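Visitor: Predicted structure and sequence below. I'll ask about it afterward.
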Amino acid sequence: MFKINNSSFNPILLMLGFLSGITIFSFSSCATVNYYYRGRWTEEIEILTQKPKESFPPASFIVMNDLHLFSTELGTDGPAFQQYIEDDRKLIEESELILKAALQQVIEKDPDFLMIPGDLAKDGELYNHTLLAEYLNQVEEHGIEVYVIPGNHDILNPHAHSYHEEGFSPIETVTPQDFRRIYSRFGYEEALFTDPSSLSYVAEPVPGLWLLALDSCIYDKNLKKGKPETDGRFEQLRIDWIEEVLLTALRENKTVIAMQHHGALEHYPGQQKFYGEYIIEDYSRIAEMFATYNVNVVFTGHYHAQDITLNKREGEREKFLYDIETGSLVTWPCPYRHVELTEEGLLMIRSYNIEEIEGFPRGDETFSQYAHRYLLEGIAGIAVNTMEKLGVKTEEAKRISPKVAEAFAAHYRGDENFEGDTMLPTEGLSLMGSIVVCNRKDLIFGLWQDKPPVDNNIIINLRNGEWKPLEEPVASLR
């Protein structure tokens, strides 16, 4: 298995996996409808959803994602840890140093709150969750509220291990109850509402702004299966709870933003068809529900890429949803976002990268340069191994693999813009090499075709769904 971001993420199989053209999402339902909402729909709600907001609650907050915190005290020696690193190109050994650098920047920027949409620990280790809670306590001591939800790696994970020369040893993971206890200060104690069927909750980090923090993970069968479930789903009970919360928000004239680990929209062509485990199940209907109830922004993660996707429906009632996916703190370029909401409804998003950590530079190489090289070499190396197993000659695989790595790195960075001559080599390949390139190139080409809006620095008007690059004057969106 070719692993980069998550325990089942396989970019080479992604590259080899689809031939279809561009799939464009709409607010229509999927072929199989799993969920039903609007069960409480009334004329009153119809009027409330169409009522324009007079003002928005000013707020400043930071979003960071997929921390995958791993304490090196759990061991970094031996072939088992080396195999883990080779199969999954996250910066696991540096994760604590990266986190420390990121949280220092959070404290310096002094936002109202920090939100983290899941994958807090490397593989759900109790030790790493407890360590992270200690770091987050330090943030709150500076007057910055913190809100978290679980990701697919965080709960009942059978891959919770320590490492040593002889291999690895299982260590204690956490239950949903443990997660709520460990992170009680970071959303659960101050929650206005909690979902009895999951770790979802609603908080009000600033007056008038509700944070709908949604647990989108499936973890009850992880231990029996022997691996964490990558897919995400909302059961009908959770849909009912979400709808009740959003009805209350309408009646109380609250502005609602959401966060969940899994994507709410497709972020590249064909993602749902071939790698739907990175998007919430029945995503089009979920997205429709959000937009219908005037939830216009959802912050997501899981895929480790900086990407913003917009779906906007024109009609009698203009509805839209932005899925703002934030890349992983332990995958180059190690990004986070600083978001400001103005009273006029302008959402201003600036993206930053962790470029320096303790222990760098090493020689002439900065941390950012190291992280970039680590990612490119890692993806390329695994790509070569995978293609060799498919019968591609080694020298051909080494010609193809750097282009694969460049495409994925560009997607992780966001605002992809291909400026070279060749996305994938096509000349001088053997029959098998030609088959791999010619028949499976659509994904690589797709990764370079960044659909609007821009991914890193943007201004979004929550009144009408329009956007501009951040460099544009704010007044131009009013």
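Guide: Done, it's in. Numbers count the residues shown, from 1 in each chain.

Visitor: Low-confidence stretches in the stretch 351-478 of the chain?
Guide: Applying pLDDT under 70 to the stretch 351-478 of the chain flags residues 439-440, 472-478.

Visitor: Find the nearest non-adjacent residue to residue 291, please.
Guide: residue 319 (4.0 Å; Cβ to Cβ, 6 or more residues apart in numbering). Every C-beta, even on glycine, is put in place using the N, C-alpha and C of the backbone.

Visitor: how many neighbours does the one you found have?
Guide: For residue 319, the count of nearby residues is 21 (other Cβ atoms under 10 Å).

Visitor: and if you look at residue 382?
Guide: Counted with other Cβ under 10 Å, residues neighbouring residue 382 total 24.

Visitor: and if you look at the one 4 residues further on?
Guide: Residue 386 is flanked by 22 other residues according to other Cβ under 10 Å.

Visitor: Flag every buried residue along the helix or strand where it lies.
Guide: According to DSSP states H and E, residue 386 maps onto helix 367-389. Buried positions in helix 367-389, judged by neighbour count with 16 or more other Cβ atoms under 10 Å: 367-368, 370-372, 374-376, 378-380, 382-387.

Visitor: go on, stretch 114-133?
Guide: In stretch 114-133, counting by 16+ other Cβ under 10 Å, buried: 114-129, 131-133.

Visitor: Now the terminal residues of stretch 248-262, how far apart.
Guide: 24 Å (Cα to Cα, to the nearest Å).

Visitor: Number the residues from 141 up from this point.
Guide: Will do, 141 is the new start, and the previous item becomes stretch 388-402.

Visitor: How about it, which residues are buried there?
Guide: Neighbour-count burial for stretch 388-402 flags 389-390, 394-402 (criterion: 16+ other Cβ under 10 Å).

Visitor: What distance do you get for residue 185 to residue 388?
Guide: Separation of residue 185 from residue 388 (Cβ to Cβ, to the nearest Å): 11 Å.

Visitor: Residue 604 now?
Guide: Applying Cβ to Cβ, the value for residue 604 to residue 388 is 25 Å.

Visitor: Residue 333 too?
Guide: Between residue 333 and residue 388 the computed distance is 8 Å (Cβ to Cβ).

Visitor: swap in residue 397?
Guide: Distance from residue 397 to residue 388, counting by Cβ to Cβ: 15 Å.

Visitor: do the same with residue 376
Guide: 19 Å.

Visitor: what do you get for residue 316?
Guide: Distance check for residue 316 against residue 388: by Cβ to Cβ, it reads 24 Å.

Visitor: Tell me where the stretch 441-590 of the chain has helices.
Guide: For the stretch 441-590 of the chain, the helices defined by DSSP state H, counting those that start in this stretch cover 507-529, 534-553, 571-579, 582-588.

Visitor: and of those, who's closest to residue 199?
Guide: Relative to residue 199, the nearest member of the helices of the stretch 441-590 of the chain by Cβ to Cβ is helix 534-553, separated by 26.9 Å.

Visitor: Figure out how far the closest one is from the centre of its chain.
Guide: With Cα atoms, centre = their mean, to the nearest Å as the basis, helix 534-553 stands 22 Å off its chain's centre.

Visitor: Counting by contacts, list what it packs against.
Guide: Under the contact definition 3 or more Cβ pairs under 8 Å, 6 or more residues apart in numbering; DSSP states H and E, helix 534-553 sits against helix 151-157, helix 507-529, helix 571-579, helix 582-588.

Visitor: In TSV, list those helices along with distance to residue 423.
Guide: Shown next, in TSV, are the helices and strands packed on helix 534-553 (distance: least, Cβ to Cβ, whole Å):
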stretch	distance to residue 423
helix 151-157	18
helix 507-529	26
helix 571-579	28
helix 582-588	18
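
Visitor: Please identify which of these is closest to residue 283.
Guide: The closest of those to residue 283 is helix 507-529. By Cβ to Cβ, the value is 28.8 Å.

Visitor: got the CA coordinates for the closest one in PDB?
Guide: Provided in PDB are the C-alpha atoms of helix 507-529 (Å, rounded to 0.1, in the frame of the first residue of the first chain):
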ATOM      1  CA  PHE A 507      13.500  23.200   7.900                       C
ATOM      2  CA  SER A 508      11.200  24.300   5.100                       C
ATOM      3  CA  GLN A 509      13.700  23.000   2.500                       C
ATOM      4  CA  TYR A 510      14.100  19.800   4.400                       C
ATOM      5  CA  ALA A 511      10.300  19.300   4.700                       C
ATOM      6  CA  HIS A 512       9.900  19.900   0.900                       C
ATOM      7  CA  ARG A 513      12.700  17.500   0.000                       C
ATOM      8  CA  TYR A 514      11.500  14.900   2.500                       C
ATOM      9  CA  LEU A 515       8.000  15.000   0.800                       C
ATOM     10  CA  LEU A 516       9.300  14.800  -2.800                       C
ATOM     11  CA  GLU A 517      11.800  12.100  -2.100                       C
ATOM     12  CA  GLY A 518       9.300  10.100  -0.100                       C
ATOM     13  CA  ILE A 519       6.500  10.100  -2.700                       C
ATOM     14  CA  ALA A 520       8.900   9.400  -5.500                       C
ATOM     15  CA  GLY A 521      10.500   6.500  -3.700                       C
ATOM     16  CA  ILE A 522       7.200   4.900  -2.900                       C
ATOM     17  CA  ALA A 523       6.000   5.500  -6.400                       C
ATOM     18  CA  VAL A 524       9.000   3.700  -7.900                       C
ATOM     19  CA  ASN A 525       8.400   0.700  -5.600                       C
ATOM     20  CA  THR A 526       4.800   0.600  -6.600                       C
ATOM     21  CA  MET A 527       5.400   0.800 -10.300                       C
ATOM     22  CA  GLU A 528       8.100  -1.800 -10.200                       C
ATOM     23  CA  LYS A 529       5.500  -4.200  -8.700                       C
END
